[in-house]
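[1] let me see the structure of the following:
(2 chains)
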Amino acid sequence: MKNKTNKITDLSDDVMEEIQDKHLVMRPKAYFVIGSILLAIGIVGLTVTVIFFLNIVLFKLHTHAPFGYLWFGSSGFRPFLMSFPWMPVFIGLAGVFGGIILLKKYDIAYKHSFRILVGGLFVFTVVGAVLLNLTDWNERLERQVVSLHSIYNPRYFEQGLVVGEVVEMRDGRLFLITPLDDEVEVDWSEGTVFPPGVRLKVGDRIQAIGEIKDGVFVAEGISVGGMFWKRFPPENDQPPFPMNFPPRP
Amino acid sequence: MPKLQTLSDQELIEKIIHQDKELYRELVRRYQQQLLRYAQYLVRDYEKAQDVVQEAFVKAFINLQGYNPKLKFSSWIFRIVHNEAINIVKKHQKETRLDETNDHQILAPVETEVEEIVRKKEDQQIVQTSLAEIPLLYREPLTLFYLEELSYEEISDVLRIPIGTVGIRIKRGKTMMKMIYQKITQNGSRRTK
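    Here you go, the predicted structure:
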């Protein structure tokens, strides 16, 4: 091909000169092999991360039922914000975007439909998270790894909201066991908001908003149902009930 | 020792890596004209095209051991030139786009097909002008298909887009080129002899 001045261009001398002048060397084969391995590790790692955090999102949704707090109206908005699994959602989404970016590095990303590829990976992570959630892995992990309490189930009752199973009803009070086996005594008054037509009984799982006064959680509102978590039998031979709640004088 | 010209790209690359790096010169000579032509259609400036191609060859040398033999070397080096050219284009060039209100004219019948336009030597200047007016998104696959005579699969490897998308972009590019060509020939003010 000729340029505008009708000279045939030969860049080979310029190219070789630049390579020699700058002492350029070829990257070793190992550089690319390690790069491929790191890319694969990255995608697998991100996939595992997304599955883990998606699993936590599902766990918190069925353990704490954050959307249930919205039933209390404006009073429930703050408990909703506190109990919704924001961090696992953000980390999960970041992992998804990171995985998509890494996936684009592979030739398969453009040789086949990228949407199907991403969709397949998304389905895989969702199924993985659901299956993981069906096991008792979360419950065991939150008990054994104290540092994960802030991710799994912080002690919300100290901050005005509580979730637990009713184990006893006595003297106009409820005695709850939280998912982390904390014992919480809940008091209510005539002003406490209940779902219409609900009659509480032992075994019900409830969520309540209110505040701690003199070691007792005074409920402004109580809702029933919509929560699920696995209980573990006590490690010793002692029955789980009655708990350490003293009778009222 | 067999003549260098008889060696395939893969064989030549093996010799460059394991025997003599000076043989890279032969690889440059094989593809430089084709790449210069391609780069010039992208950046629309011959000197910039030279810089693009030279830089691409230097980068290709550095990453030669990362070249995947399953891919054609031409597709690989075209890809590198594409990336370098895109960087230049993004920095320096504005693209003209067709007015969207003219979309209905795309459906109007046209008298001359793009292939006929390309074949006519006297229309080469108009072809180049028409091509330069098309957005880069469509100009690239058109250039690679009609002027560099790459297959859809090779274009897919160069641009890293699905083969189906290659076909769609070529089709749209052809439509745009027809419209521009018609405008130019109807105006009659850009023909050069």
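[2] now do the helices in the chain.
    By default, I'm working from chain A. Using DSSP state H, the helices of chain A run over A:12-21, A:29-64, A:77-83, A:86-103, A:108-111, A:114-134, A:137-144.
[3] wait, chain B was what I had in mind.
    B:9-18, B:24-43, B:46-62, B:73-92, B:114-119, B:124-133, B:136-142, B:152-159, B:163-187.
[4] and the ones you listed, which one is worst for confidence?
    Lowest mean pLDDT within the helices of chain B: helix B:114-119, a mean of 61.
[5] for chain A, which spans come out with low pLDDT?
    In the predicted model, chain A carries pLDDT under 70 at residues A:1-8, A:153-155, A:157, A:232-249.
[6] what residues does it have near chain B?
    Counting by Cβ under 8 Å from any Cβ of the partner chain, the residues of chain A close to chain B are A:1, A:3-4, A:8-16, A:18-19, A:24-29, A:31-32, A:35, A:107, A:109-114. Quick note: C-beta positions are derived from backbone N, CA and C, even for glycine.
[7] among these, which ones are buried?
    With burial judged by 16 or more other Cβ atoms under 10 Å in any protein chain shown, the buried subset of the residues of chain A next to chain B is A:9, A:11-12, A:14-16, A:18-19, A:26, A:109-111, A:114.
[8] so of those, which two are at opposite extremes in space?
    Using Cβ to Cβ, these span at most 38.8 Å, a distance reached by A:Met16 and A:Phe114.
[9] chain B against chain A: which residues are in contact?
    Contact residues (Cβ under 8 Å from any Cβ) of chain B with chain A: B:17, B:21-22, B:24-25, B:28-29, B:32-33, B:36-37, B:46, B:50, B:53-54, B:57-58, B:61-66, B:68, B:156, B:160-162.
[10] ok, so what distance separates B:Asn63 from A:Met87?
    The spacing between B:Asn63 and A:Met87, counted by Cβ to Cβ, to the nearest Å, is 39 Å.
[11] distance of B:Glu149 relative to A:Asp13?
    Taking Cβ to Cβ as the measure, B:Glu149 falls 28 Å from A:Asp13.
[12] ok so, going back, out of the helices of chain A, flag the one nearest B:Lys183.
    helix A:108-111 (34.0 Å).
[13] and which of the buried ones among the residues of chain A next to chain B is nearest A:Gly42?
    A:Ala109 (14.1 Å).
[14] hmm, the closest one is touching A:Leu102, no?
    No. The pair A:Ala109 / A:Leu102 is not scored as a contact, 9.6 Å apart, by Cβ atoms under 8 Å.
[15] what touches both of those two?
    Contact criterion Cβ atoms under 8 Å, 6 or more residues apart in numbering or on different chains; residues shared by A:Ala109 and A:Leu102: none found.
[16] follow-up on the earlier one: including distance to B:Gly167, could the helices of chain A go into CSV?
    Below are these laid out as CSV (distance: least, Cβ to Cβ, whole Å):
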stretch, distance to B:Gly167
helix A:12-21, 34
helix A:29-64, 29
helix A:77-83, 50
helix A:86-103, 23
helix A:108-111, 14
helix A:114-134, 16
helix A:137-144, 48
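[17] out of those, flag the one nearest B:Ile88.
    It's helix A:12-21; of the helices of chain A, that one is closest to B:Ile88 (Cβ to Cβ) at 17.4 Å.
[18] who are the packing partners of that closest one?
    helix B:24-43, helix B:46-62 (3 or more Cβ pairs under 8 Å, 6 or more residues apart in numbering or on different chains; DSSP states H and E).
[19] give me the helices and strands touching the shortest one, please.
    For helix B:46-62, the packing partners by 3+ Cβ pairs under 8 Å, 6+ apart come out as helix A:12-21, helix B:24-43, helix B:73-92.
[20] what about the residue nearest to A:Phe80 when sequence neighbours are not counted, neighbour count?
    Computed as Cβ to Cβ, 6 or more residues apart in numbering or on different chains, the closest residue to A:Phe80 that is not its neighbour in sequence is A:Tyr69, at 4.3 Å. Look at A:Tyr69: counted by other Cβ atoms under 10 Å in any protein chain shown, it has 26 neighbours.
[21] A:Tyr69 contacts A:Gly76, doesn't it?
    Yes. A:Tyr69 lies in contact with A:Gly76 (Cβ under 8 Å); the separation is 3.7 Å.
[22] hey, what's in contact with both of those two?
    Counting by Cβ under 8 Å, 6+ apart, the residues touching both A:Tyr69 and A:Gly76 are A:Ile209.
[23] now do the contacts for the closest residue to B:Ile134 other than its chain neighbours.
    Once flanking residues are discounted, B:Ile134 sits nearest to B:Met176: 5.1 Å by Cβ to Cβ, 6+ apart. B:Met176 makes contact with B:Leu98, B:Glu133, B:Ile134, B:Pro135, B:Tyr138, according to Cβ under 8 Å, 6+ apart.
[24] all good on my end, thank you.
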